[in-house]
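Asks: sharing a sequence plus its predicted fold:
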Amino acid sequence: MAPSRLMSNLEADGRERSDYPIICESCLGDNPYVRMTRADFDKECYTCSRPFTVFRWKPGRDARYKKTEICQTCSKLQNVCQVCVLDLQTGLPVQVRNTALGVNPNDAVLPKSDVNLEYFAEEHDRRVRASGIIDPYEQEYGKSRTSDTILKLQRTTPYYQRNRAHVCSFYTRGQCTRGAECPYRHEMPITGELSKQNIKDRFHGVNDPVALKLLRKAGEMGSLEPPEDESIRTLYVGGVVDGRVSEQDLRDCFWVHGEIESIRVVGQRGCAFVTYVTREGAEKAAEELCNKLVVKGLRLKLAWGRPQAPRVQDEGASRQQAAAGAHCGWLPQVGVPQQDQSAVQQYYYMPPPPSQGGTTFYPSMDPQRMGALLADLKLSKFD
């Protein structure tokens, strides 16, 4: 390339220049004060082999240092994170997303060879700089496209365990002498199919062991079978914790499937009960929302309610209710016989204010409420 062209246009060399990375929330970490280092053209992209700007940071106190692995052009083409190469919107591998959306990997627009992919990336950048129009392939996986498989498997909260330190290789051989000061994890590495992961395969959506595991999990997820009792019209919603989900939030999710009779949120148990007017509405909601119910970032559990048995009051409970109604709502005093309750009950009634002078006694001024006995009542059994 001619030096005069490079002097007039600094971007003519085809190298990527960026000020901020394209990363997901999990890779960014939970530390709100992240400090990053930037190195221009520090390494080659794993997919297109073009030099790009590398960012490096530490997501948390106990995390390892992370850095970008692919360039921003490849990240935009597949809508993936520059570090973990997972979908930015759902946190799923590309193979899971393509399978859920019905995209055949053999018909993909992206070339798989290094030379063709590098040429494709350069042409994409040139068209964007020339016209400012984003390539249609970049918008293929927009926020409007989704499927049942994606709703079942997508992450609703960041997964910070992905940022943990690597396993200490000396510990696996029994030779680590640093003890608690070792910055690496002292545990045995995980073996199996998940230990054989490749960035290029994950980027192109082929032969990804993590994606295959998630697809098997999606196939094992069953549906809610309606109970035989036709009178059950209530759905149980679990995982309603921290007071984040209100009754109105549940109503907004369930009303589209049928007319709702009542919604009861039990905050102490972290659950809610949604009752429909008809059995058809409850069955439709159970079919549409099974394993896909997400409210305010919380994945909620859905199940059919159980039939409630009629409550039978025993004779002792009925007597206590009758006694409570006999003295106008005042509970009997502990330690005083039932026949002497009339003298105590008269003391609890609030007297009218005196017309001239005098002192008014209110129930809050009564020491007997805390268990003390009054001498002026003259209860001989307690003297």
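Replies: It's in.

Asks: buried residues of stretch 151-165, list them for me.
Replies: By neighbour count with 16 or more other CB atoms under 10 Å, stretch 151-165 contains the buried residues 151-155, 158, 160, 162-163. From N, CA and C alone the C-beta is placed, and that goes for glycine too.

Asks: run through who's touching stretch 277-292.
Replies: 148, 151-152, 221, 223-224, 226, 230, 232-235, 253-254, 257-261, 274-276, 302, 304 (CB atoms under 8 Å, 6 or more residues apart in numbering).

Asks: list buried residues within the residues you listed.
Replies: Buried among these by 16+ other CB under 10 Å: 151-152, 224, 232-235, 253-254, 257-258, 260, 274-276, 302, 304.

Asks: helices of the stretch 51-200 of the chain, start to end?
Replies: Assigned by DSSP state H, counting those that start in this stretch, the helices in the stretch 51-200 of the chain fall at 72-78, 94-101, 114-131, 148-153, 169-172, 199-204.

Asks: rounded mean pLDDT for the second one, please.
Replies: What that stands for is helix 94-101. Helix 94-101 carries an average pLDDT of 87.

Asks: and if you look at the fifth one?
Replies: For helix 169-172, mean pLDDT is 91.

Asks: hang on, the earlier thing: weakest of the helices of the stretch 51-200 of the chain by average pLDDT?
Replies: Among the helices of the stretch 51-200 of the chain, helix 114-131 scores lowest, at a mean of 70.

Asks: what's in contact with the lengthiest strand in the chain?
Replies: When the chain is parsed with DSSP state E, its longest strand is strand 36-44. With CB under 8 Å, 6+ apart as the test, strand 36-44 has contacts from 15, 17, 19, 21, 50-57.

Asks: could I get the average pLDDT for that strand?
Replies: pLDDT averaged over strand 36-44 gives 91.

Asks: mind listing what's buried along it?
Replies: Glu44.

Asks: repeat that for stretch 244-255.
Replies: Neighbour-count burial for stretch 244-255 [16+ other CB under 10 Å]: 245, 249-250, 253-254.

Asks: relative to the whole chain's centre, how far out is that stretch?
Replies: 16 Å (CA atoms, centre = their mean, to the nearest Å).

Asks: span of stretch 58-71 from start to end?
Replies: 19 Å (CA to CA, to the nearest Å).

Asks: make residue 1 into 421 and carry on from there
Replies: OK, 421 is where the count begins now, so the last one is stretch 478-491.

Asks: angles on the backbone of the residue nearest to Arg575 when sequence neighbours are not counted, please.
Replies: If the residues on either side of it in the chain are set aside, Arg575 comes closest to Gly511, at 3.9 Å by CB to CB, 6 or more residues apart in numbering. With angles defined as degrees, to the nearest 10, Gly511 sits at phi 70, psi 20.

Asks: from Tyr579, how far off is His544?
Replies: 30 Å (CB to CB, to the nearest Å).

Asks: burial count for Gln515?
Replies: 23 (other CB atoms under 10 Å).

Asks: got the contact list for it?
Replies: Gln515 touches 525, 622, 625-626, 628, 631-632, 635, counting by CB under 8 Å, 6+ apart.

Asks: with only the CA atoms kept, save stretch 687-694 in PDB.
Replies: Extracted in PDB, the C-alpha atoms of stretch 687-694 (Å, rounded to 0.1, in the frame of the first residue of the first chain):
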ATOM      1  CA  GLY A 687     -44.400 -12.900  49.900                       C
ATOM      2  CA  GLN A 688     -43.400 -14.900  52.900                       C
ATOM      3  CA  ARG A 689     -43.200 -18.100  50.900                       C
ATOM      4  CA  GLY A 690     -42.000 -16.500  47.700                       C
ATOM      5  CA  CYS A 691     -44.800 -17.700  45.500                       C
ATOM      6  CA  ALA A 692     -48.100 -16.600  43.900                       C
ATOM      7  CA  PHE A 693     -51.400 -18.200  42.800                       C
ATOM      8  CA  VAL A 694     -53.100 -17.200  39.600                       C
END
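
Asks: for that stretch, buried residues please.
Replies: Result for stretch 687-694 [16+ other CB under 10 Å]: buried residues 691-692, 694.

Asks: ok so, going back, helices - which of the buried residues of stretch 664-675 land there?
Replies: 669-670, 673-674 (DSSP state H).

Asks: ok, of those residues, which one's closest to Leu537?
Replies: Cys673 (42.3 Å; CB to CB).

Asks: is it true that the closest one touches Leu718?
Replies: No. With contacts counted by CB atoms under 8 Å, Cys673 stays clear of Leu718, the gap being 11.5 Å.

Asks: one step back: of the buried residues of stretch 571-585, which is the nearest to Ala483?
Replies: Nearest to Ala483 among these, with distances taken as CB to CB, is Asn583, at 3.9 Å.

Asks: can you pull the contacts of the closest one?
Replies: Taking CB under 8 Å, 6+ apart as the test, what Asn583 contacts is 446-447, 449, 479-480, 483-484, 486.

Asks: dump the buried residues of stretch 687-694 into JSON lines; add pLDDT and secondary structure as well.
Replies: Below are the buried residues of stretch 687-694 laid out as JSON lines (pLDDT from 0 to 100; DSSP: H, G, I helix; E, B strand; the rest coil):
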{"residue": "Cys691", "pLDDT": "89", "secondary structure": "strand"}
{"residue": "Ala692", "pLDDT": "91", "secondary structure": "strand"}
{"residue": "Val694", "pLDDT": "92", "secondary structure": "strand"}
